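Trainee: mind looking at a prediction? Sequence and model below.
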Amino acid sequence: MSFVEDPIDFDLWGVMARDCGEKARELLHATRPTMTRFELLQATAVAGADTRLQLLIERVGWAAAQSWAKKLEGPFSAIRIVAHGEQPGWPKAQHCEIHALQYGGCLGCPVCCGFFLA
Ligand SMILES: [Zn+2]
């Protein structure tokens with residue numbers, strides 16, 4: 001028996017900043033092109049009022065995750081890069097200080113151990 005797993009990819013979460021509706025809509029549209037205009041308006045209607053983290057980007061490689069984190073800063077705050085499938089702030093999650101990355105599982109940080117989508 002063998003276990004074959006795909007390398008870890010990453011999600012980005014963030015909180016919409018106040019008064020950044022249009023910028024946030026443009027970024028969301030770029031990152032999640034399947035969202036309809038109505039969904040974009042709904043998602044950004046809460047700007048400044050809803051401080052919960054929302055999923056911004058799903059399943060990107062490490063380089064893209066870091067690049068997106070910089071682009072999202074401004075219209076969004078509290079940007080977090082999280083191993084795909086993990087919920088940010090989950091009490092049992094682990095955090096790598098070197099990579100500012102939340103991950104789960106028992107193998108350690110996927111970037112430190114080299115098992116990630118680049
Ligand atoms: Zn690490």
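Mentor: That came in fine, so what should we check first? Residues are numbered from 1 along each chain as shown.
Trainee: beta partners of Q94?
Mentor: For Q94, the beta-bridge partners under DSSP bridges are Y103.
Trainee: quickly note the distance from it to A63.
Mentor: From Q94 over to A63 the distance is 22 Å, taken as C-beta to C-beta, to the nearest Å. C-beta here means a position set from N, CA and C on the backbone, and glycine is covered the same way.
Trainee: so the two - more neighbours on which side?
Mentor: With other C-beta atoms under 10 Å as the criterion, Q94 and A63 differ in neighbour count, and Q94 comes out ahead with 15 against 10.
Trainee: right, and the more buried one touches Q102 too?
Mentor: Yes - checked against C-beta atoms under 8 Å, the pair Q94 and Q102 is within contact range at 7.2 Å.
Trainee: show me how far stretch 9-25 is from its chain's centre.
Mentor: Taking C-alpha atoms, centre = their mean, to the nearest Å, the mean C-alpha location of stretch 9-25 is offset from the chain mean by 10 Å.
Trainee: does the ion sit close to it?
Mentor: No - no part of stretch 9-25 sits near the ion under the criterion C-beta under 5 Å from the ion; the closest distance found is 12.0 Å.
Trainee: send me that stretch as CSV with only the CA atoms.
Mentor: Output for stretch 9-25, consisting of C-alpha atoms alone and laid out as CSV, is shown next (Å, rounded to 0.1, in the frame of the first residue of the first chain):
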residue,chain,number,x,y,z
ASP,A,9,-1.0,24.5,-2.1
PHE,A,10,-2.3,27.6,-0.4
ASP,A,11,-5.3,29.8,0.3
LEU,A,12,-5.3,33.5,1.2
TRP,A,13,-7.8,35.0,3.7
GLY,A,14,-8.3,38.6,4.6
VAL,A,15,-10.6,41.2,6.0
MET,A,16,-12.1,43.9,3.8
ALA,A,17,-10.8,47.3,4.7
ARG,A,18,-13.2,50.3,5.0
ASP,A,19,-13.9,52.3,1.9
CYS,A,20,-12.2,49.9,-0.5
GLY,A,21,-15.3,48.5,-2.1
GLU,A,22,-14.3,49.1,-5.8
LYS,A,23,-10.7,48.1,-5.4
ALA,A,24,-11.7,45.0,-3.4
ARG,A,25,-14.2,44.1,-6.2
